[in-house]
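Colleague: Just need the structure, nothing else, for what follows:
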Amino acid sequence: MKERFGMYRFKTDGLPVKVPQIPAMHVLHTDPLHRPEWIDYSALDAKATWNVHRALKQKLQGMTAFMDEYLCKQLVQTPDADSKARMQRALEGLENAKSAQSKAAGSAAAKQSKAAAGPRSLPSMRAPPPPRPRPRTSSGKTDSESASAHVTPKGPFYTLWDLYCDYWHPFGEVLTDMEAEGVRVNRDHLIDQERLALQDQKAAEAHFRNWVKRYVPGGEFMNVNSGVQIRQLLFPGEKASATDVTPSTSKTFKAVNPEYDQVPRPKGVRRHIDFKLHGLWGKNVPGRLKAEVRTDKDLAAVSGAVLWSLVGKPGAAAKALADLDAREQAAAATAAQAGSTNSKEAAAVSLLDEDDIITADEDLDHGDHPAAAAAGDGSSDGQIAVIAEDVDDPEELQYWEQRGKELKLGKMFAAMAVGKGPRGDPRGEREGIEACLALEKLIEVSAIDKLLSAFIQPLQSDNISTSALVPLQLPAAAEDATAAADGSSVDDSSSSEVFNSSFSTDGSSTETSSSEGSSRSSPIYRVHCSLNLNTETGRLSARRPNLQNQPALEKDRYKVRKAFCAEPGKTLVVADYGQLELRLLAHITDCKSMIRAFELGGDFHSRTALGMYDHIKDDIAAGGCLLEIGDWHGEGDPPPLLKDKYGSERRKAKVRQASIMCDRSSTEGAHCNLCNGAFMLMILSMLSASPG
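Modeller: Residues are numbered from 1 along each chain as shown. Purely as a prediction, here's the structure:
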């Protein structure tokens, strides 16, 4: 494709890019420049596909298919004469195979007795067997002589070609019909969610940059998607990129000049500006974080897993910050009532426990250091004055690490809280919490970008979807209002032109009118994916787009799954096996609790999560969520379902069940971010909840 249709795009310097780009498929079909070449390519591709089909058919016709005897006896009762004959041949093939096996066993026993009786003789030279004649068509010509369809040989065996004709070919037709039909997506919903996602992403970027700017001048120009810049910020003293010769605590980067896009543009304004980026702990100061995970190029890793280890539990930083604000407000109110002249300082002191306060006299090791005075409130240029000895203070570091564990925060909390005043000072706690919250916003930027690029935006692409206008009849009052607003009409002769040209690429509905009255035409978009059969598990998979890999329930913050809907007047039916493997396991093992759970019906994985986690049991008992929708008998809106509210716990229960069945407890436990000990405790909890 790239050799025949690839087109090179030229850069600003006039040189072509290295990798050619293939035009869109509809361009290859319609553009006069590509259409003759496309017709030639399609004809050659069709011929090659037909030759492969003939070769595979000939090979399958010469191979015997062995089916289960019970299945053959059941299928032989089919009313279809051809299928019945094939099943009968399959049964005959099974009988012939059994007799052949018995003969082989007898000959093997005879050879063993002969070998025991005397020495082995040299094997006699035999001529090779004659080639098997090719099946002929009705015209008497072989495959190489005729391109017509083959006639299935009526031999005594049930061949793989018979199996293909009976099962795989009809199944393939179902799959191609599914691809052609597609699934409807609500593009208006996706457009609204994309707008909301971009707003959230922009807010998260601004939050992170404003936090960096407090410690690093020029931090507002930082590229939040650059691993090199993030590495320079968190791990100063390490190599920021593979091209760096020596590590450095600061590095110069380029950023887009915000004044460059002003209208009118000021004179002499360059498109890019240079800014220096150093670590969060000051210029020429080594970082307090040690890189525990490294890349293949021996660089400090800044992946999502590494950042989460610095942040801690999702949402814990926001909760800790809200609690700290509430405590400070309560302390300030108490100080104000007591008539304090400086309520803010009194509030900060009142938050400290007497045992946690370390006075300046006790901290003699660092009291005389020039940077000690600036350690609490930061230096004049926005940097944090940090002394290397503070990091090595075992007692202070141990205190903040323990405090971080209590707040369920990561390693970034202690790294930023150390050196911000006396031990236990709320200023240090606030610094650590805000650092964890800022890094969580950085992770949020990447997560939103993944949702946009992998799900929300591709589902709106015209390359994988088709559209059609469906007229929606309006009430009489609405018709009059629409006609008055339009002030024009379209005759019937132009209806086909309206149908072809009124599609809106942004997914918005299109208004049309006719001589019979006004109506609103809404475009219906259907996404068409490609289904794959050649998978390791034998299950179907999809691509372009992968409709089977939509966001998990607990991660679908923009309701991407809600975009798949039915047309007006129709219902979207979701069909699944319903834990087929678990049902087989319950039947084979005769597990009473599993059988009872399946008899009760509902979501088996939700029931498993209910037996695993006590906090889910307490929430259901308090009416905070429902195990099944049928459990709600009150008035108003029902509480959320367990699978919606506790999607993460349900997913862990599902992985645990599959892991026990497949004996993959350690590896699947790692996928759940669980250590082996925690995973074994989960297994024991399921065994205790499953007495059968």
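
Colleague: roughly how far apart are the closest residue to Ile620 other than its chain neighbours and Asp637?
Modeller: Nearest residue to Ile620, sequence neighbours excluded (C-beta to C-beta, 6 or more residues apart in numbering): Leu627, at 6.2 Å. Quick note: C-beta positions are derived from backbone N, CA and C, even for glycine. Distance of Leu627 to Asp637, given as C-beta to C-beta, to the nearest Å: 17 Å.

Colleague: same check, this time on Val285
Modeller: Taking C-beta to C-beta, one finds Val285 at 55 Å from Asp637.

Colleague: Compare those two and say which is more crowded by neighbours.
Modeller: Applying other C-beta atoms under 10 Å to Val285 and Asp637 shows that Val285 carries more neighbours, namely 22 against 7.

Colleague: helix, strand or coil for the more buried one?
Modeller: What DSSP: H, G, I helix; E, B strand; the rest coil gives for Val285 is coil.

Colleague: same thing with Arg557?
Modeller: Assigned with three-state DSSP, Arg557 falls in the coil class.

Colleague: In the protein, where is pLDDT below threshold?
Modeller: Counting by pLDDT under 70, the chain has low-confidence residues at 66-95, 97-98, 100-101, 104, 107-157, 339-393, 470-521, 537, 661-692.

Colleague: go with 50
Modeller: Along the chain, segments meeting pLDDT under 50 span 117-155, 343, 346-390, 474, 476-479, 481-519, 665-692.

Colleague: Which stretches in it count as strands?
Modeller: Taking DSSP state E as the criterion, the chain carries its strands at 183-185, 250-256, 272-278, 465-472, 510-514, 517-527, 530-532, 541-543.

Colleague: mind checking which of those is nearest Ile433?
Modeller: Checking the strands of the chain against Ile433 by C-beta to C-beta gives strand 272-278 as the closest, at 22.8 Å.

Colleague: So in that sheet, which strands flank that closest one, and in what orientation?
Modeller: strand 250-256 (antiparallel) (DSSP bridges).

Colleague: List the buried residues for the partner strand?
Modeller: 251, 253, 255 (16 or more other C-beta atoms under 10 Å).

Colleague: Just put those in CSV and tack on distance to Glu37.
Modeller: As requested, the buried residues of strand 250-256 are exported to CSV (distance: C-beta to C-beta, whole Å):
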residue, distance to Glu37
Lys251, 49
Phe253, 45
Ala255, 44
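
Colleague: From those residues, pick the one nearest Asp192.
Modeller: The nearest member of those to Asp192, counting by C-beta to C-beta, is Ala255 at 31.5 Å.

Colleague: number of nearby residues for the closest residue to Val560 other than its chain neighbours?
Modeller: Of all residues not flanking Val560 in the chain, Phe455 sits nearest, at 4.9 Å (C-beta to C-beta, 6+ apart). Residues contacting Phe455 under the criterion other C-beta under 10 Å number 21.

Colleague: same deal with Leu324?
Modeller: Counted by other C-beta under 10 Å, the residues lying close to Leu324 total 17.

Colleague: Test my guess that it contacts Arg427.
Modeller: No: the criterion here is C-beta atoms under 8 Å, and Leu324 misses it with Arg427 at 10.4 Å.

Colleague: what about the helices in the stretch 151-300 of the chain?
Modeller: Assignment of helices within the stretch 151-300 of the chain using DSSP state H, counting those that start in this stretch yields the ranges 160-163, 169-181, 187-213, 227-234.

Colleague: just checking, what packs against the second one?
Modeller: Contact partners of helix 169-181 among helices and strands, from 3 or more C-beta pairs under 8 Å, 6 or more residues apart in numbering; DSSP states H and E: strand 530-532.

Colleague: in the strand it packs on, what counts as buried?
Modeller: Leu531.

Colleague: Contacts for it, please.
Modeller: Residues outside strand 530-532 that contact it (C-beta atoms under 8 Å, 6 or more residues apart in numbering): 175, 178-179, 540-544.

Colleague: again, but for stretch 171-189
Modeller: Taking C-beta under 8 Å, 6+ apart as the rule, stretch 171-189 contacts 459-460, 465-466, 507-509, 523-531, 533, 540, 547, 559, 562-567.

Colleague: which of those are buried?
Modeller: 459-460, 465, 507, 523-529, 531, 547, 563-564.

Colleague: ok, of the residues you listed, which one's closest to Asp166?
Modeller: Nearest member of the buried ones among the contacts of stretch 171-189 to Asp166, counting by C-beta to C-beta, is Leu531, at 20.4 Å.

Colleague: how far away is that closest one from Asn186?
Modeller: 22 Å.

Colleague: cool, Arg656 as well?
Modeller: Relative to Asn186, Arg656 is positioned 35 Å away (C-beta to C-beta).

Colleague: The residue nearest to Val560 reaches Leu547, doesn't it?
Modeller: No: using C-beta under 8 Å, Phe455 is not in contact with Leu547; the gap is 10.0 Å.

Colleague: how long is stretch 525-533 end to end?
Modeller: With C-alpha to C-alpha, to the nearest Å as the measure, the first residue of stretch 525-533 is 26 Å from its last.

Colleague: my bad, should have said stretch 271-291
Modeller: Distance across stretch 271-291, first residue to last, is 35 Å (C-alpha to C-alpha).

Colleague: now swap in stretch 295-303 and tell me
Modeller: Stretch 295-303 stretches 10 Å from its first residue to its last (C-alpha to C-alpha).

Colleague: Which positions in it come out as buried?
Modeller: 299-302.

Colleague: List just the nearest of the residues you listed to Glu220.
Modeller: Distance to Glu220 across the buried residues of stretch 295-303 (C-beta to C-beta) is lowest for Val302, with 19.8 Å.

Colleague: And for the nearest residue to Leu459 once chain neighbours are set aside, the neighbour number?
Modeller: Nearest residue to Leu459 in three dimensions, chain neighbours excluded: Val185, at 5.3 Å (C-beta to C-beta, 6+ apart). Per other C-beta under 10 Å, the neighbour tally for Val185 reads 23.

Colleague: how much space between Val185 and Gln550?
Modeller: Distance of Val185 to Gln550, computed by C-beta to C-beta: 11 Å.

Colleague: Lys59 now?
Modeller: 39 Å.

Colleague: Between the two, which is the more surrounded one?
Modeller: Gln550 (17 against 11).

Colleague: Please, where are all the helices along the stretch 501-650 of the chain?
Modeller: Under the criterion DSSP H, counting those that start in this stretch, the stretch 501-650 of the chain contains helices at 580-589, 592-600, 604-612, 614-621, 642-645, 647-662.

Colleague: Tabulate those (TSV), appending distance to Arg214 and mean neighbour count.
Modeller: Listed next are the helices of the stretch 501-650 of the chain as TSV, based on distance: least, C-beta to C-beta, whole Å; neighbours: other C-beta atoms under 10 Å:
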stretch	distance to Arg214	mean neighbour count
helix 580-589	53	14
helix 592-600	54	15
helix 604-612	42	21
helix 614-621	37	14
helix 642-645	37	20
helix 647-662	33	19
